[in-house]
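Engineer: any chance you can model this:
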Amino acid sequence: MACALAPTLAAAAPDAAPPAPQAFETCRADLIAWATARAVPQSVADAQLAGLTADPDVLAASGSQGEFVRPIWDYIEASITPSRIAAGQRKLAENAETLSAIEARYGIDRHILVAFWGVESNYGAVLDNPAIVKPVVRSLATLGCGDPARAPYWRDELAAALQILAWNQAPLERMPGGLTGSWAGAMGHTQFMPSVYQRYAVDFDGDGTRDIWTSVPDALASTANYLRAQGWKPGEGWGAEAVLPENFDAALADETTPRSLAAWRALGVSPVPGRPVPDETAEATLILPAGIRGPAFLLRPNFAVILRYNTALAYALTVALLSDRLRGDPGLVRDWPRGDRPLTADERRDIQYRLTARGLPTGGVDGKIGPKTRAALRAFQGAVGLPADGYADAALLDRIRATP
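Structural biologist: Take a look at the predicted model:
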């Protein structure tokens, strides 16, 4: 289950040892004090935390998020399967009236909403899986004590969860297991963190409760409310796969420089033929998530809103591409470079360490290839005469190690 709306793992400095986790038994008093300082009644904090034990599975999960550690094509294809596409199309039909009402109120395309639903909880199927669903308070308390690098974030989310309980905001009568969520405390059909639930969850079915756990209308409308608040532009898509010309300068795909579609066409870059395209004045950035040998994508501003839901590029592309498949698009035209050997976490950290030592900042040595690391990779590639596509593979690691 994805940890939607939670931040990515914090990056440590190359020469800094991570802070030691606090012993859970001694940490509980700190958690109670943190919560009561944030308007949680003492009685609620004591009742929820005093006898709690840590969940070792939660800390193990926090270090192995698939959207950061698997090849991007493996992550995407694990979520965009024929069965999930077919199930999503059934959900579109079953919830057509509700989705029309949500579109009318919030302006969010139904295919995007159902794609979030599919990626986050397999259309709610995982919410009944006891091997996946966990008590939110225990998960967040475990992370608040066992993940020192992000302890304030987890403790604030814990306080938000306790506020939900104290103020009777959640439909606990419909959840025999109490307040439930993922290993990271993300809750409901579309996996809201507790603080996000407080700010953006809505009662769309009109029963008096903002129920993202058992009410599909509430969950989808809450997601639409969040996306609209984050800047989603109604009537605009997320972007499209692009066709590149021969000998394209990969350095132009820096994922930060917007150009109009007309300007991209002048450079030989265009959306895949047959796909809907906006006005030629519309701006997009270009990204090569698996390098010059893999698919290219022209990204519209709405794609950045998907990234605010979960900051991993693999996750955002999965939602975007699943929404296209639900709409009936046939899939990618260009395949991924499947013959490449995936780098291990240690190898990715080695790349980041070596680039940082060369004066090319990567945003930290955390083994996660994000925008800053890709920018550093492009800078190195350009300096040594390689296509500056920002793609980290085994051949590039060897070149970085061999370059003085």
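
Engineer: for residue 392, grab the count of nearby residues.
Structural biologist: Residues within reach of residue 392, counting by other CB atoms under 10 Å, total 23. Using the backbone N, CA and C atoms, a C-beta is placed for each residue, glycine as well.

Engineer: ah, wrong one, I meant residue 296
Structural biologist: Residues near residue 296, counting by other CB under 10 Å: 24.

Engineer: so it makes contact with residue 269?
Structural biologist: Yes - counting by CB atoms under 8 Å, residue 269 is a contact partner of residue 296 at 7.4 Å.

Engineer: flag the shaky bits of the protein, pLDDT-wise.
Structural biologist: Regions of the chain meeting the criterion pLDDT under 70 cover residues 1-22, 63-69.

Engineer: would you list every one of the strands in it?
Structural biologist: Secondary structure of the chain by DSSP state E: the strands cover 134-135, 180-181, 239-243, 259-260, 270-271, 283-287, 296-299.

Engineer: in JSON lines: those, plus distance to residue 225.
Structural biologist: Putting the strands of the chain into JSON lines (distance: least, CB to CB, whole Å) gives the following:
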{"stretch": "strand 134-135", "distance to residue 225": "25"}
{"stretch": "strand 180-181", "distance to residue 225": "19"}
{"stretch": "strand 239-243", "distance to residue 225": "23"}
{"stretch": "strand 259-260", "distance to residue 225": "31"}
{"stretch": "strand 270-271", "distance to residue 225": "30"}
{"stretch": "strand 283-287", "distance to residue 225": "26"}
{"stretch": "strand 296-299", "distance to residue 225": "23"}
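
Engineer: chain neighbours aside, what residue packs nearest to residue 307?
Structural biologist: Distances taken as CB to CB, 6 or more residues apart in numbering put residue 316 closest to residue 307, at 4.8 Å, once the chain neighbours are dropped.

Engineer: roughly how far does the one you found sit from residue 138?
Structural biologist: Separation of residue 316 from residue 138 (CB to CB, to the nearest Å): 29 Å.

Engineer: so those two - more neighbours on which side?
Structural biologist: residue 316 (23 against 20).

Engineer: ok, now which ones touch residue 259?
Structural biologist: By CB atoms under 8 Å, 6 or more residues apart in numbering, the contact set of residue 259 is 267, 283, 284, 285, 286.

Engineer: let me have the residues you listed in CSV, adding distance to residue 194 and neighbour count as columns.
Structural biologist: As requested, the contacts of residue 259 are exported to CSV (distance: CB to CB, whole Å; neighbours: other CB atoms under 10 Å):
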residue, distance to residue 194, neighbour count
267, 45, 14
283, 36, 17
284, 35, 24
285, 32, 21
286, 37, 24
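
Engineer: want to try CSV for those, with distance to residue 43 as columns?
Structural biologist: Compiled in CSV, the contacts of residue 259 are given as follows (distance: CB to CB, whole Å):
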residue, distance to residue 43
267, 64
283, 54
284, 53
285, 51
286, 55
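
Engineer: nearest to residue 326 among these?
Structural biologist: Checking these against residue 326 with CB to CB, the nearest one is residue 284 at 21.7 Å.

Engineer: name the residues of stretch 396-404 that are buried.
Structural biologist: Buried positions in stretch 396-404, judged by neighbour count with 16 or more other CB atoms under 10 Å: 396, 397, 400.

Engineer: distance of the first one relative to residue 374?
Structural biologist: What that stands for is residue 396. Taking CB to CB, one finds residue 396 at 12 Å from residue 374.

Engineer: hmm, back to that, which stretch among the strands of the chain comes nearest residue 30?
Structural biologist: Nearest of the strands of the chain to residue 30, taken as CB to CB: strand 134-135 at 19.5 Å.

Engineer: and the helices in the stretch 251-400 of the chain?
Structural biologist: Applying DSSP state H, counting those that start in this stretch to the stretch 251-400 of the chain gives helices spanning 261-266, 301-309, 313-327, 345-357, 371-383, 394-402.

Engineer: by contact count, what packs against the longest one?
Structural biologist: Read that as helix 313-327. Applying 3 or more CB pairs under 8 Å, 6 or more residues apart in numbering; DSSP states H and E, we find helix 313-327 packed against helix 66-69, helix 72-79, helix 82-94, helix 110-121, helix 301-309.

Engineer: quick check: neighbours shared by residue 296 and residue 269?
Structural biologist: Counting by CB under 8 Å, 6+ apart, the residues touching both residue 296 and residue 269 are 242, 243, 244, 286.

Engineer: hmm, the third one is touching residue 294, no?
Structural biologist: Translated: residue 244. No - applying CB under 8 Å, one finds residue 244 not in contact with residue 294, separated by 10.6 Å.

Engineer: which non-adjacent residue is nearest residue 27?
Structural biologist: Closest residue to residue 27 apart from its sequence neighbours, by CB to CB, 6+ apart: residue 145 at 3.7 Å.

Engineer: again, but for residue 372
Structural biologist: Leaving aside its sequence neighbours, residue 372 sits nearest to residue 363 (CB to CB, 6+ apart; 3.3 Å).

Engineer: how many residues are close by that neighbour?
Structural biologist: Applying other CB under 10 Å, we find 17 residues neighbouring residue 363.

Engineer: wait, isn't it in contact with residue 373?
Structural biologist: Yes - judged on CB under 8 Å, residue 363 makes contact with residue 373 at a distance of 6.3 Å.

Engineer: so which of the helices and strands packed on helix 313-327 is nearest residue 175?
Structural biologist: Of all the helices and strands packed on helix 313-327, helix 110-121 sits nearest to residue 175, with 14.4 Å by CB to CB.

Engineer: which residues are in contact with stretch 337-350?
Structural biologist: With CB under 8 Å, 6+ apart, stretch 337-350 has contacts from 69-71, 73, 290-291, 293-294, 351, 365-369, 392-394, 397, 401.

Engineer: now that stretch: buried residues?
Structural biologist: Buried, per 16+ other CB under 10 Å, within stretch 337-350: 337, 340, 343, 347, 348, 349, 350.

Engineer: for stretch 38-54, same thing?
Structural biologist: In stretch 38-54, counting by 16+ other CB under 10 Å, buried: 40, 44, 45, 48, 49, 52, 54.

Engineer: can you list those in TSV and add distance to residue 149?
Structural biologist: Compiled in TSV, the buried residues of stretch 38-54 are given as follows (distance: CB to CB, whole Å):
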residue	distance to residue 149
40	24
44	27
45	24
48	24
49	21
52	21
54	17
